[in-house]
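K.L.:
Attaching a predicted model along with its sequence, questions to come.
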Amino acid sequence: MEQIIHELQDMTYLSWAKIRRSSGTAGSFLKAYEENENGKIYYKLSNYDAWYGIVGHECVNEIIVDRLMTILGIEHLNYQLIHAKIQIDQKEYETWLCASKDFKQRGEGKIALDVYYQVERLPGESPLDFCIRSGWDQTIYEMLVVDYLILNRDRHGANMEVLRNPRQKTMRLAPLFDHGLSLLSRCESMEAMLHEDVMADKPVQCFVGSRSAWENLKLIPAERRPKLHPLSMDDREKLLDGLSDVLDQVWLDRIWEMIWKRWQTYENLCDQG
């Protein structure tokens, strides 16, 4: 699959549903889907505002984080970035959107992790302990590392899903998905981005952890820290390739600075034992 489609696509046929931002700030994330011979394809936009239109770069973040997890060797949902013409409320927009395939296998149903936890938890059992008891600890630990590297502020309980196949009696966590509200998505202007402290530990949502991405790293026992393929300076080009036509190079440079500095901090933590 071509990861970035730069040629403008006419996708005005899509019907967009508005999903309120769980962070509580102004705007909406719009989603759509279609079915073809290859199955169901899901689409989503960066932040949409009825007055200002489509703003932000959450869709670009999805591609960057997709590439980051590929380098690190973490299972995840793959995304495609598409330059498209779309229509919302009878108004046309030229924008970039994300596409992804359905990660459910034949016969599987899905349920949000927070809902499943409420039904199946033991008395007094925390979400993290519940996931460990369910055998999902390695996936959770990898998620906590990634969410620190990108400062993901939206890992609520519905952004993690349990996939169940009643006939085959199987159950698994879905591959990691939905990472748009991360990196520098908090910044609403070039000036704010340039003054952003990329190492600041700002409040995040994390269903299995705390409001601190840094403290969440410490939930991982030293002997269970994921054995990831190390990030290197040479990976900068892999992460940002083809994106300078989508997002200003200054933003891309700062995004790399954020990921690289946070990776170095994580490596230092691992070296300390």
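P.N.:
Done, it's in.
K.L.:
In terms of helices and strands, where is Trp96?
P.N.:
strand 91-101 (DSSP states H and E).
K.L.:
What residues sit buried inside that strand?
P.N.:
Thr95, Trp96, Leu97, Cys98, Ala99, Ser100 (16 or more other CB atoms under 10 Å). To be clear about C-beta, it is placed using only N, CA and C from the backbone, and glycine gets the same treatment.
K.L.:
now swap in stretch 192-207 and tell me
P.N.:
Buried residues in stretch 192-207 (16+ other CB under 10 Å): Met193, Glu196, Val198, Val204, Gln205, Cys206, Phe207.
K.L.:
same question, stretch 250-257
P.N.:
Trp251, Leu252, Arg254, Ile255, Trp256.
K.L.:
Just the closest of those to Val55, please.
P.N.:
Val55 has its nearest neighbour among the buried residues of stretch 250-257 in Trp251, at 13.2 Å by CB to CB.
K.L.:
out of everything not next to it in sequence, what's closest to that closest one?
P.N.:
Met193 (6.2 Å; CB to CB, 6 or more residues apart in numbering).
K.L.:
Could I get the contacting residues of Asp137?
P.N.:
Counting by CB atoms under 8 Å, 6 or more residues apart in numbering, Asp137 touches Cys131, Arg224.
K.L.:
ok, longest helix in the chain?
P.N.:
Ranked by number of residues, the top helix in the chain under DSSP state H is helix 249-271.
K.L.:
who's in contact with that one?
P.N.:
57, 64, 68, 145, 148-151, 183-184, 190, 193-194, 196, 198-199, 217, 225, 230-231, 233, 236, 239-240, 243-244.
K.L.:
out of the residues you listed, which are inside helices?
P.N.:
64, 68, 145, 148-150, 190, 193-194, 217, 236, 239-240.
K.L.:
sorry, back to before: I'd like to know which of the buried residues of stretch 250-257 is nearest to Leu72.
P.N.:
Of the buried residues of stretch 250-257, the one sitting nearest to Leu72 (CB to CB) turns out to be Trp256, at 15.0 Å.
K.L.:
How much space separates the closest one from Asn38?
P.N.:
33 Å (CB to CB, to the nearest Å).
K.L.:
Report the helix or strand with the lowest average pLDDT across the chain.
P.N.:
strand 17-20 (a mean of 61; mean pLDDT, DSSP states H and E).
K.L.:
need the contact list for Tyr79.
P.N.:
Per CB under 8 Å, 6+ apart, neighbours of Tyr79: Gln3, Glu62, Ile63, Asp66, Cys98, Ala99, Ser100.
K.L.:
Over to it: give its phi and psi.
P.N.:
Main-chain torsions, Tyr79, degrees, to the nearest 10: phi -120, psi 160.
K.L.:
Same check on Ile74?
P.N.:
Torsion angles, degrees, to the nearest 10, at Ile74: phi -110, psi 130.
K.L.:
Now which of the contacts of helix 249-271 would you call buried?
P.N.:
57, 64, 68, 145, 148-151, 183-184, 193, 196, 198, 217, 225, 231, 236, 239-240, 243.
K.L.:
Could you identify the pair within the buried residues of stretch 192-207 that is furthest apart?
P.N.:
Between any two of the buried residues of stretch 192-207, the greatest separation by CB to CB is 28.0 Å, found for Met193 and Phe207.
K.L.:
need the contact list for the residue sitting nearest the centre point of the chain.
P.N.:
Residue closest to the average C-alpha location in the chain (CA atoms, centre = their mean): His179, at 1.3 Å. For His179, the contact set (CB under 8 Å, 6+ apart) comprises Asn61, Glu62, Val65, Asp66, Val146, Ile150, Asn152.
K.L.:
From the contact counts, what lies against the helix or strand encompassing the first one?
P.N.:
Asn61 belongs to helix 58-72 when elements are defined using DSSP H and E. Counting by 3 or more CB pairs under 8 Å, 6 or more residues apart in numbering; DSSP states H and E, the packing neighbours recorded for helix 58-72 are strand 39-49, strand 80-88, strand 91-101, helix 137-150, helix 235-240, helix 249-271.
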